[in-house]
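Chemist: when you get a sec, could you give me coordinates for this:
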Amino acid sequence: MSKCLLSVLMLLAAPLWAAEVQVMPGAGTLQTAIAGANPGDVLILGDGAYEGPVVIDRPLTLTGPADAVVNGMGQGTVITVAAADVVVRGISVTGSGRKNADLDAGIKIVKGADRALIEGNAIFGNLHGVDVHGGIDGVVRGNTITGLRLDRMNDRGNGVYIWNAPGTVIEDNDIRYGRDGIFSNTSSKGIYRNNLFRDLRFAVHYMYTHNSEISGNVSIGNHLGYAIMYSNRVVVKDNLSLGDREHGVMLNYANNADVSGNLVRGGTKKCLFIYNAHKNLIYDNRFERCGIGIHFTAGSERNVLTGNTFAANREQVKYVGTKQVEWSFEGRGNYWSDHPAFDLNGDGIADAVFRPNDLMDHILWSQPAAALLTGSPAVQLVRWSQKSFPATLPGGVLDSHPLMAARAIPVPPAIEAMEAEVAGRWAEGNQDDTDAEDFATH
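Modeler: Numbers count the residues shown, from 1 in each chain. Next comes the predicted model:
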């Protein structure tokens, strides 16, 4: 088919009656304009208040300045997208209802409303910001989404909620307050990238979401950074978790994931938590200044860890298991800041293997009161004996090819400034939510 013929066919397929329509503010004016519009029309809102809720039931573009405010008046979802190829761009959306059972939202994209584009809007004061509820191949881009600040975090909604919406792209959004920044449930083939998450429970929360990507995001001062749960074949790469409280990255019943290039730094109890997760490739990450660098438990097997940097964590590894686990791959291990290593041949690989834990570590995990004896002669004798007679060591992590050089992952100055603002947020007695430990509620 020639390019000329293809162009003619595309012109014939486009609605010839599409027009730009100015819509004045007021009660009912927006829904009336939608009802009178033809497919492909562009509805241009002026400054002022527009009363919702409204339903877009045909392919339209809804656009205007940030001072064009669509207000749901506390009733249900403010804007429901119920047709394919709808664009909502540049306006403000506020005032949804607060029924979590109904998933009241600023903007909802329902099943059949495919290829929706939600771009450059200010979405604030809603239970959920954007609910992608069945529409496929939607794009939520460049929005500022500000959630509710209710006392109970679990009563708040999510910035973006994705349910059964394959192909969704969530990118370049600034999401703050509310419950989870992105909650993706029972979906697949999504791309969630380059978003900023602050003051949330989870930055990104996965449940049963497969074959998808989380990349280039920034999580600052949240309760947890990136929670990958019951999900397979997920790519988690080049994300930042700075000053988050519980975990930077969590793999819980997550298999065949590719976790690379991420930085988890400061304030966090556990940089990386792996629970019953198998066959994951974890490489070239930096885990720094956490209570525990990596907590590895519940029979997680056949995972590969290589090229990672474990720097200045209070405890580098907590491995709960009896098997011998090798944490190097094809002659390349990980960097350990507490490994007194030498490299006589200059190949970048330490001359001695590294064991991050010994028998006393296992005793301290199971009997925390034994920490009072850490400096005693008996404990020191046990540790000396294990070092002198390796056969007495228990099963655990062994890095046969530890690296000599740490991996650096730069942080932009503007992000570092935000990180500094939340420093010390999670000190004992300084919590921002009465349900801070209730992570079982999803």
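
Chemist: which regions of this structure lie under the pLDDT threshold?
Modeler: 1-17, 298, 358-395, 428-442 (pLDDT under 70).

Chemist: and the longest strand seen in it, how far out from the chain's middle?
Modeler: Selection of the longest strand in the chain by residue count, based on DSSP state E, yields strand 202-210. Relative to its chain's centre, strand 202-210 lies at 7 Å (C-alpha atoms, centre = their mean, to the nearest Å).

Chemist: that one pairs with which strands?
Modeler: strand 182-188 (parallel), strand 224-229 (parallel) (DSSP bridges).

Chemist: now L344: how far from R355?
Modeler: 20 Å (C-beta to C-beta, to the nearest Å). C-betas here are computed from N, CA, C, even on glycine.

Chemist: the two - which one has more neighbours?
Modeler: R355 (19 against 7; other C-beta atoms under 10 Å).

Chemist: and the nearest residue to that one once chain neighbours are set aside, how many neighbours?
Modeler: Excluding the flanking residues, the one nearest R355 by C-beta to C-beta, 6 or more residues apart in numbering is L398, at 5.8 Å. Neighbour count for L398, taken as other C-beta under 10 Å: 19.

Chemist: and what of the one 4 residues further on?
Modeler: Residues within reach of P402, counting by other C-beta under 10 Å, total 24.

Chemist: then R314?
Modeler: 10.

Chemist: thought C290 was touching it, still the case?
Modeler: Yes. In this structure, R314 is within contact of C290 by C-beta atoms under 8 Å, at 7.3 Å.

Chemist: contact partners for the closest residue to I228 other than its chain neighbours?
Modeler: Nearest residue to I228, sequence neighbours excluded (C-beta to C-beta, 6+ apart): A254, at 4.3 Å. Applying C-beta atoms under 8 Å, 6 or more residues apart in numbering to A254 gives the contacts Y206, I228, M229, Y230, S231, N232, V234, A277, N280.

Chemist: ok, the second one - contacts?
Modeler: To tie it back to what came earlier, the one meant is I228. I228 neighbours (C-beta under 8 Å, 6+ apart): Y206, I214, V234, V236, V249, M250, L251, N252, A254, A257.

Chemist: in JSON lines, list the residues you listed along with secondary structure and distance to I107.
Modeler: Formatted as JSON lines, those follow (DSSP: H, G, I helix; E, B strand; the rest coil; distance: C-beta to C-beta, whole Å):
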{"residue": "Y206", "secondary structure": "strand", "distance to I107": "22"}
{"residue": "I214", "secondary structure": "strand", "distance to I107": "22"}
{"residue": "V234", "secondary structure": "strand", "distance to I107": "26"}
{"residue": "V236", "secondary structure": "strand", "distance to I107": "27"}
{"residue": "V249", "secondary structure": "strand", "distance to I107": "29"}
{"residue": "M250", "secondary structure": "strand", "distance to I107": "29"}
{"residue": "L251", "secondary structure": "strand", "distance to I107": "31"}
{"residue": "N252", "secondary structure": "strand", "distance to I107": "30"}
{"residue": "A254", "secondary structure": "coil", "distance to I107": "29"}
{"residue": "A257", "secondary structure": "coil", "distance to I107": "30"}
